[in-house]
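> Could you look at this predicted model? Sequence included:
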Amino acid sequence: MSSSHMKRLTMPRSWPLPRKTSVWVQKPDPCGHPLELCMPVGIVLRDILGVAETRREAKQIVADSKVKVDGTTVTTIGRAVGLMDVLTVGDDHYRCILDSNGRLRYRPISAAAAASKPCRIDAKTTVSGGRTQLNLHDGRNIIIEDPNSHSTGDTVLIDVQSQAIQKHHALESGATIYLIGGSHVGVISTLNGVIKRRSSMPNEVELDGFIAVADHVFVIGSAKDLPLEVDA
């Protein structure tokens, strides 16, 4: 059985935590996000948002059903909160994003913004009945009627309660791009073209003034869709 903790010296660089204050740090429960793109809600409550001073207080806040992720009540402090997730604590809402240093940040958002969530399409699969299933970046899956209406790399804006697709942003020239990896992480740019490699090399995209790996691209509607203001 895997441990629920790991040494702080080995935690992902994306976690904005000091490494030498103690030996151990909690690992998030298994989820659809990779380890470097999520943090356990207990750590977020205590060390990032400061709404709890101790692990015990974080547990009590969760036990009081005051915490939700993507509209679902959290039951354990190990619940992961990852990229683009909506974290609700009482009446306050936060969106998980990456800043320009590649660090996970939990920025305040409005209740209206908290009702939806952008999800990148990482893959498409065919399931029973010949239906097409979208495999999204946070581990969730959505069935669509028209298999040609969405492509891998596109982004869908979903309602966090009903899981219904509200909007669709295609990975195409002119699209607004948010980078979630590489040396330009956290940058907003415009897509000028996609470079498809017929080899083991990853596909790339042409942006304003530079080229990035396609896996680091997240299509958004506009820069206003994300709470990107710098921390004070």
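Nice, I can see it. Numbering: from 1, shown residues only.
> Show residues contacting stretch 51-62.
The contact list for stretch 51-62 (Cβ atoms under 8 Å, 6 or more residues apart in numbering) reads Gln26, Val41, Gly42, Leu45, Arg46, Val67, Val74, Thr75, Thr76, Ile77, Arg79, Val89. Using the backbone N, CA and C atoms, a C-beta is placed for each residue, glycine as well.
> Assess the claim that the third one and Gly78 are in contact.
Yes - counting by Cβ atoms under 8 Å, Gly42 sits close enough to Gly78 to count as a contact (6.8 Å).
> Need the residues touching each of the two.
Joint contacts of Gly42 and Gly78 (Cβ under 8 Å, 6+ apart) are Gln26.
> picking that back up, pipe the contacts of stretch 51-62 into a markdown table and attach pLDDT, neighbour count and distance to Arg55 per row.
What follows is the contacts of stretch 51-62, written out as a markdown table (pLDDT from 0 to 100; neighbours: other Cβ atoms under 10 Å; distance: Cβ to Cβ, whole Å):
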| residue | pLDDT | neighbour count | distance to Arg55 |
| --- | --- | --- | --- |
| Gln26 | 92 | 20 | 8 |
| Val41 | 98 | 29 | 12 |
| Gly42 | 97 | 24 | 6 |
| Leu45 | 98 | 27 | 9 |
| Arg46 | 96 | 22 | 6 |
| Val67 | 98 | 25 | 14 |
| Val74 | 97 | 23 | 15 |
| Thr75 | 96 | 11 | 16 |
| Thr76 | 96 | 13 | 12 |
| Ile77 | 96 | 25 | 7 |
| Arg79 | 97 | 23 | 14 |
| Val89 | 98 | 20 | 16 |
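> which ones among those are found in strands?
Gln26, Val67, Val89 (DSSP state E).
> between those, which is closest to Ala214?
Of all the ones in strands among the contacts of stretch 51-62, Ala214 sits closest to Gln26, with 32.7 Å by Cβ to Cβ.
> Not counting its neighbours along the chain, what's nearest the closest one?
Leaving out its chain neighbours, the residue that sits closest to Gln26 by Cβ to Cβ, 6 or more residues apart in numbering is Pro40, at 5.0 Å.
> re earlier: how about the ones in strands among the contacts of stretch 51-62 in CSV, adding distance to Glu206?
As requested, the ones in strands among the contacts of stretch 51-62 are exported to CSV (distance: Cβ to Cβ, whole Å):
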residue, distance to Glu206
Gln26, 40
Val67, 41
Val89, 40
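> any low-confidence regions in this structure?
Counting by pLDDT under 70, the chain has low-confidence residues at 1-2, 229-232.
> 90 instead, please
1-6, 19-22, 128-130, 196-202, 228-232 (pLDDT under 90).
> what number of residues lie near Val62?
Neighbour count of Val62, defined by other Cβ atoms under 10 Å: 22.
> Tell me the spacing between the most far-flung residue of the chain relative to its centre and Glu145.
For the chain, the residue at maximal distance from the C-alpha centroid (Cα atoms, centre = their mean) is Gly129, at 30.5 Å. Distance of Gly129 to Glu145, computed by Cβ to Cβ, to the nearest Å: 11 Å.
> need the contact list for Gly193.
Taking Cβ under 8 Å, 6+ apart, we find Gly193 in contact with Ser173, Val205, Glu206.
> Equivalent analysis for Leu35, please.
Pro12, Lys27, Pro28.
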